[in-house]
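K.L.:
predicted model, plus sequence, below.
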Amino acid sequence: MEATITILALLLVAFVALGVYIGVKAVRAAKRGVDRTITQARRTVEDTTLRAKSYGQVGVAGTLAQLRLDLRTSMRATQDALQAGVAEDASLSESLGLFERLSVHGRELDDELKRLEREPDRATVAALLPKLKERTERITHSADSLRWAARDRAQRFHEDDLDALNAQIDVEAGALRHWTVEDPQAQPQAPAAGAGAAGTVPRTDTARGRDPGVEWPEPSAGAGSSSTAEASWKGPADEEVPQAITAPDPRLRTGYPWQKSARPETTN
């Protein structure tokens, strides 16, 4: 029983601690949100005031307001660009570090310009304007260089990614359109079953018009020659058939030794 009570007490304490932690985190987040909103509102009011002074006032006051407005606009745009790009490209962290160092000089210059706005000695302030303009241009030029370099880098990455994607899409489109129409006339004809190495069809009994079970003799006359291959077609019944007697050729007749050849007559 005591162990159960102890476990319940520990769970209650854990839930209370968790609730306190969540409450503190929520209060801090709300405070940061309120501070961010107040800061943005203050910046908006200051920018509007500086824009109004640069347009509505002439002379030293208008020039100081324009310098502050240019400085704040350039630094804020660069900060937003670098903070947005460092989440996708870790190599911008070094650029962000350089911008933080540049922001120190920018804040010092902005504070100095703000003090000079309340300076009653306008002649002294007018003498300092050329140097202040040079410092402002140097800071804004460095900030603009970082901002445009970060934008060009991000755009280059996007273009490379788009090129690679287009190449993959072209390959996939070509693969989807890849089909071949087979021409029946272009296909090689398979050799007949039982064909020899030279591609000739063997002469069978069926092809010669004979019944494989009956052997018929080849005619000796008109076939051109009596070869052993043709003689193999003769069966036992063919041997009893009498052979035809061929008349002797008179050109091949051999004379006897007592016969004399006729001498040709000579005419003298």
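P.N.:
Cool, the structure landed. Numbers count the residues shown, from 1 in each chain.

K.L.:
from now on I want contacts and neighbour counts done on CA atoms only, so please keep to that.
P.N.:
Noted.

K.L.:
Arg151 - nearest residue in space that isn't next to it in sequence?
P.N.:
Ala81 (7.6 Å; C-alpha to C-alpha, 6 or more residues apart in numbering).

K.L.:
tell me how many other residues surround the one you found.
P.N.:
By other C-alpha atoms under 10 Å, 17 other residues sit near Ala81.

K.L.:
contact partners for it?
P.N.:
Counting by C-alpha atoms under 8 Å, 6 or more residues apart in numbering, Ala81 makes contact with Arg147, Ala150, Arg151.

K.L.:
of these, which is the most crowded?
P.N.:
The residue in the contacts of Ala81 with the most neighbours, by other C-alpha under 10 Å, is Arg147 (23 neighbours).

K.L.:
pretty sure that one sits against Thr78.
P.N.:
Yes - the pair Arg147 / Thr78 is scored as a contact, 4.9 Å apart, by C-alpha atoms under 8 Å.

K.L.:
re earlier: need the contacts of Ala81 in CSV with distance to Val125, can you?
P.N.:
Formatted as CSV, the contacts of Ala81 follow (distance: C-alpha to C-alpha, whole Å):
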residue, distance to Val125
Arg147, 31
Ala150, 36
Arg151, 37
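
K.L.:
I'd like the residues you listed written out as JSON lines, with secondary structure and distance to Leu8 added.
P.N.:
Formatted as JSON lines, these follow (DSSP: H, G, I helix; E, B strand; the rest coil; distance: C-alpha to C-alpha, whole Å):
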{"residue": "Arg147", "secondary structure": "helix", "distance to Leu8": "58"}
{"residue": "Ala150", "secondary structure": "helix", "distance to Leu8": "56"}
{"residue": "Arg151", "secondary structure": "helix", "distance to Leu8": "57"}
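
K.L.:
just checking, what packs against the helix or strand hosting Gly19?
P.N.:
Per DSSP states H and E, Gly19 falls inside helix 2-56. Helix 2-56 is packed against helix 60-86, with contacts defined by 3 or more C-alpha pairs under 8 Å, 6 or more residues apart in numbering; DSSP states H and E.

K.L.:
rounded mean pLDDT for the helix it packs on, please.
P.N.:
Averaging pLDDT along helix 60-86 gives 89.

K.L.:
so which bits of that helix are buried?
P.N.:
Buried residues in helix 60-86, counted by 16 or more other C-alpha atoms under 10 Å: 60-72, 74-75, 78-79, 81-82, 85-86.

K.L.:
what's the answer for stretch 21-32, then?
P.N.:
So for stretch 21-32, nothing qualifies as buried (16+ other C-alpha under 10 Å).

K.L.:
how about stretch 148-166?
P.N.:
For stretch 148-166, by 16+ other C-alpha under 10 Å, it's Ala150, Arg151.

K.L.:
what does that stretch contact?
P.N.:
Under C-alpha under 8 Å, 6+ apart, the answer for stretch 148-166 is Ala81, Leu82, Gly85, Leu92.

K.L.:
quick one: contacts for the second one?
P.N.:
Counting by C-alpha under 8 Å, 6+ apart, Leu82 makes contact with Leu92, Ser95, Leu96, Arg147, Ala150.

K.L.:
out of these, which comes closest to Arg135?
P.N.:
The nearest member of the contacts of Leu82 to Arg135, counting by C-alpha to C-alpha, is Arg147 at 18.4 Å.

K.L.:
for the closest one, what are its contacts?
P.N.:
Ala77, Thr78, Ala81, Leu82.

K.L.:
again, 10 Å this time
P.N.:
74-75, 77-82, 85, 95, 99, 141, 153 (C-alpha atoms under 10 Å, 6 or more residues apart in numbering).

K.L.:
with Asp47 instead?
P.N.:
Counting by C-alpha under 10 Å, 6+ apart, the residues that Asp47 touches are Ala41, Lys53, Ala65, Arg68, Leu69, Asp70, Arg72, Thr73.

K.L.:
distance to Ala17 added to those, as CSV?
P.N.:
Shown next, in CSV, are those (distance: C-alpha to C-alpha, whole Å):
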residue, distance to Ala17
Ala41, 36
Lys53, 53
Ala65, 52
Arg68, 49
Leu69, 48
Asp70, 50
Arg72, 44
Thr73, 45
